[in-house]
Structures are given as C-alpha cells and as structure tokens.
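J.: using only what follows, build the 3D model:
(chains A and B)
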Amino acid sequence: MSFWDNFNYGQIGFQAVEAIVKILFMVLGFLMPLASILTWMERRQSSMMQDRLGPNRANIPLPWKWHGKQANWRMWGITHFMADAVKFIFKEDYVPSKAHKFLFMWAPIMSMAPALIVAAIIPFGAPLCWGEMRETVGYGNACAQPVGLQIAQLNVGLLFYFAISSLSVYGATLAGWASHNKWAMMGGLRASSQMMSYEVTMGLAVLGSFLVFGSLEPGAIVAQQESVTSWGIIYQPLGFILFLTAAIAETKRTPFDIPEGEPEIIGYFVEYSGMRFGLFFLGEFLEIVTSSAIMISLFFGGWHYGTTIDGFIAAHTPNIWFIPKSLVFSLITLVMWSVKIVLFCMFQLMIRWSLPRFRSDQLMRLGWQRLLPISIANVVVTALLILLVQSWNH
Amino acid sequence: MAVGVKVVNRPGSLSQQMYVPAIAEGLGVTFRHFMKNFFLNVSGNRKKSDIATIEYPEEKKAYPERFRGLHRLMLRDDGQVRCVACMMCPTVCPAHCITIVAEEAPDGKIEKRPKIFEIDELRCVVCGLCAEACPCDAIRMDSGEHAHPTYRRVDGILDKDELMSRGTNSTAVQGGVGAFWREKVASAPQTPPTGDVAPLGPPAGPTPVVDLNRK
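T.: Next comes the predicted model:
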C-alpha cells in the first residue's frame, strides 16, 4: 500500500500533507515575516507617536535610474528588518567563558519555539471545501469535506496554548542562569516569577470564555462568533481586559518589562549578541502575534466580520480563471483576518509606548491582589449568569 | 528610627485608581499624535505635522544669525583682501591658530597686506575674539558654515584664497570716511557705494540721539 493510496480526504496521508502545507505557510509565510516587520513597525510607530520620524533610510538600490537619480526600493524604510537580520547574522557569536555553553546556546531557541508552536491551534481563515472547490465556499456549514485553515484542531485547544506558552519561561530563566552574570540571573528570576503569576490570571480569564462558548477548541469558538453580536467581547469584556493584561505581561514588554528592565538590569539576555539576541527579540514579537491571534479568536470573532459582510463576500466570490472560488474565499478571509491581527499588534505596540513600567512589587501586587480576585469574580459571575439564563430558558 | 520616612499619601481620582480609564486616556493621547503625524506625513504635509525631525543631509536647519562659523576674509571694492596685516587677530587668538606673514602692498595708500594668512580650523576654539579685535572688518566668522570634516589634518588649515572665497564687500566704506561722518552726512548725502553693499550712515530720518555718558 503506497502513500498515494492513503491520499483521500480525511486519511492519514492527506492529513499529513495538509498539515505540512499549513505549517509551512503559517511559519514562513505569515508568522516570521510579520514578526520581522513588527520590529521595524514598532520603531516607526513609536517615533510617530513621539513626534519623531523613525527609521526610514534603509533601502535596496535598483539597477536603473529614475529621474537621473539612482533608483531605490525604500518603502518608508521597511527594509530595515532585513538590514537588522544581516547585521545580526554577521555579528560575532560571543559566548562568555564561564557560561554553560549548551544551555546558553539553546535558551534563545527555547524562548522562541513556543511562540511558533502555539500558532498550531489558531484558525486563520474560512475552510476550503475539498472535492467541490469550484462549487461552494467554506461559509456556514456548506462544506461536506472541509479542510480547515487551522494547523491542528485539538479538543484541548486553549489548554495546549497555556501548556506551550508557559514553556517559554524556561527560555528566559535558563538564559539568565546559563549566562553566569548576576544581572542576567536576576532578569531570569524576575521573568519566572512574573510569567508564573500572570499565567494564573490568564487561565482564569479564558475560563470565562470557555463557560460562554462551551468549548476549548479555537476553531469551534470562532465558528460560534459568526455575527458581531456573538463575539466574545460582548459576553466577556472584563475577561478580555484581563487576558490582554496577562498576555502583555507574558510577552515581557512595557509596562511589564521587569525581566528586561533596560534602565537597571539589562535582563536575562544581557550576555547575548548577534542572532542569538535576535532570536529573543524575534520571539518577543512572535508572542505578540500569537497572543493577538488568540485574543482575536476568543474575543473578536477570528476571521469573521459579521454575517452581513461575510455573507456578502461568500455569495459574490467567483471562480477566477483556474483558481476555484473556495480558495479565493479562504484567501479573502485570510487577508481580513490578517488585518485584524496587524491592528491588534499595533495596539499592543501602542500600549508598550504609552504606559510607564511597573516596579517589581507593584507588578506582583497588581497580579495577585487585583487581577486574580477580579478574574475569579469574573468566572463566578459568568457562571451564575449562564446558570440563570439556562434555567430561564427551561 | 534611623531614617525618617515621610509617607506621602497621594490618592488619585477614582478613574486613576481603576487603571483602565486612565490608561485609555493615555492611549488616546499617543493615538492622536500617531494619527496626526502618520496621515500628514503620508500625504506629504510634513510641515503641518508635529514631527520635529530634520533629515540632515537632505534638509539643513539654518543656523542662528550670530552663529560663529568658518572664518572669512572680507574684500575691498576692487576685490583685494581687506586685511592690512596689523597682527591684532593672531595676538588676541587664545588658540594661536592664525598665522599671518605680512608683505608690502603695491598700492601706495595701503602700507601692508598679508602674504600668507592661514587659520587652522582644527585648533580654532570659535571664540570670536579675532573678529572682535579686527580694526578694519577684515576677518569675520559669519559664514554660517561649520568646520568641514577632512580626511587629513592639513586640510583643516584654510589658506588666504580659501578664506577670501567666502568674502564679500564690507558694509564699512573703504577709504575712511573719517571721524566726522555725522557732520558729513548732515552736510552732503553720501553717494551710495558701488556693489551689493548697504549704504553708510544712520537710517533716513532724524539722527538718533545717543547719550554716551549714560550710566
């Protein structure tokens, strides 16, 4: 029995190919480019907020002249991220002599990898209708054989997200420990205490959404948010604020940048240089993207924009030449989803450049004395309301 | 009690204590700045936006009027150097960056002129004493240019020709109107000097009264 005998809808070979294609697209086509561009966007956006101009000079010279001048592909300096990458790669890969070599080299990867792995459960568009690609689009329950735009449909869903994203604390802590530097050590300790504290709030914040939607699987949660009135933010406004706060604390960015603490300790990556530092940097932005994606899936309807807009697009999507309409529709929803993601990332960048940072004790007080009781109250109130509504309906 | 600690109780308003409204207010401020700067910048109205950046090599900020920049040697009406090699400026220069070698001027009315006039701009401390000491408005620092970067130190030394290349005619009229110019102006109006030079003397109208003995 060969591989191709299994290549029918729903069989193992098909699912393997499907998953690999989606992983390649998600990692190479979406997450990495967006996270890289965010490194430039953060600097440019913050400068615009602070009445500066920001990095706009990197460009790629083109081999022709334009109005007598050397032609450049400048694009407002968007190529800065490529220049940064080239610089990082060619910098010296310095390892302190007393560092624990193995952990020192693996810590950046351990801090970046979880952000890539959690992307597996994120639904990023309307499903493709396998076998009837030219006839139907994946809106509503029209498909007989849907190929969901989601790498893995796990029933544990959000628990998987917590399990993996809490692993990134190892990257930070081990980086701090392996560097053999007291400032890095302190940063690593701060990172571990902070991330564990806010993990609790995050879990309880999601519990409210779980009660509302009755599912932990992001695909199923998104499918329930087709109309704007059923978006999670309507049912769980407090849960959203709690989740947002905890998610920013998880990414270790201002106002929660205690582990980095640029003005005092440089943080757990103080001994890192070159691309290893770049991996920490990129991991931070990847976490922004994935936490934005999770927030959008839970509270802002995933790729849905309400029944009116989605229904209109679904009804009017044509077959374009050899591209079937199901694929066209999925790509449109993918772009619409990306717009939401980018806006959300920009919002997170805006928070980072607007708010002053907490002190370490203030951070702990906020986490344990404010957010945790509020999140517990949120869960209790949500549960009571759901019970009331259910008994009312009976 | 070793150290006196004064606890200052600063209760904020309710919206500040709740964090979220205060944060929303702060985000509103930054968002407003971002939107204004972003859209004005994209639409090409940089001047109307709040952006303070000057993109240096392409656009330069004008120096203030009294900025002391590179030296220049002023010119006579016939284009000769105005300097009479009186050695005032190298004498007063605290950095000893001015070198003058005098020679006899071919013009009979003028005794001396500089044969060599060099200023080491790398040693110059830009104090402006040379321009202040000059009795005949020959050396000035109002070129509006700062010292140019050079690859070799010797290129930082400007010679007479370079200093004169920035020179223009002086507003002080050549030939010496003399100490009694007020009377001369009052009796017969001066013919305006040739060239791109401001006319001598007080502005038209009544002569301003200057009390030299005022305290």
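
J.: from now on I want contacts and neighbour counts done on CA atoms only, so please keep to that.
T.: Noted.

J.: what's the longest helix in the chain?
T.: You didn't say which chain, so I picked chain A. helix A:182-213 (DSSP state H).

J.: think we crossed wires, I meant chain B
T.: Chain B, longest helix under DSSP H: helix B:20-42.

J.: what separation do you get for the closest residue to residue B:104 other than its chain neighbours and residue A:351?
T.: Nearest residue to residue B:104 in three dimensions, chain neighbours excluded: residue B:112, at 4.7 Å (Cα to Cα, 6 or more residues apart in numbering or on different chains). As judged by Cα to Cα, to the nearest Å, residue B:112 and residue A:351 stand 71 Å apart.

J.: what about the residue nearest to residue B:104, how many residues nearby?
T.: 17 (other Cα atoms under 10 Å in any protein chain shown).

J.: how about it, what does it touch?
T.: Residue B:112 sits next to B:84, B:85, B:86, B:102, B:103, B:104, B:105 when contact means Cα atoms under 8 Å, 6 or more residues apart in numbering or on different chains.

J.: for the residue nearest the centre of chain B, list the residues it contacts.
T.: With distances taken as Cα atoms, centre = their mean, residue B:67 lies nearest the centre of chain B, 2.2 Å away. Counting by Cα under 8 Å, 6+ apart, residue B:67 makes contact with B:141, B:142, B:144.

J.: what does the last one show for phi and psi?
T.: Looking back up the chat, that one is residue B:144. phi 80, psi 10 (degrees, to the nearest 10).

J.: I'd say it and residue B:61 touch.
T.: No - in terms of Cα atoms under 8 Å, residue B:144 does not count as a neighbour of residue B:61; the distance is 10.9 Å.

J.: the more surrounded of those two?
T.: residue B:144 (16 against 8).

J.: helix or strand for the residue of the stretch 101-250 of chain A found nearest chain B, which one?
T.: With Cα to the nearest Cα, the shortest gap between the stretch 101-250 of chain A and chain B falls at residue A:241, namely 8.8 Å. Taking DSSP states H and E as the criterion, residue A:241 maps to helix A:237-250.

J.: what angle separates that helix from helix B:20-42?
T.: 70 degrees (axes from the mean of the first three to the mean of the last three Cα atoms, to 10 degrees).

J.: packing partners of helix A:237-250?
T.: helix A:182-213, helix A:274-299, helix A:372-393 (3 or more Cα pairs under 8 Å, 6 or more residues apart in numbering or on different chains; DSSP states H and E).

J.: let me see the contact set for residue B:115.
T.: Going by Cα under 8 Å, 6+ apart, the list of residues near residue B:115 reads B:100, B:101, B:102, B:103.

J.: which ones among these also lie next to chain A?
T.: When contact is defined as Cα under 8 Å from any Cα of the partner chain, those do not meet chain A at all.

J.: can I get those residues in TSV including pLDDT, distance to residue B:20 and neighbour count?
T.: Converted to TSV, the contacts of residue B:115 look like this (pLDDT from 0 to 100; distance: Cα to Cα, whole Å; neighbours: other Cα atoms under 10 Å in any protein chain shown):
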residue	pLDDT	distance to residue B:20	neighbour count
B:100	95	72	18
B:101	95	75	12
B:102	94	77	17
B:103	93	80	14
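
J.: now, which of those residues lie within strands?
T.: B:100, B:101, B:102, B:103 (DSSP state E).
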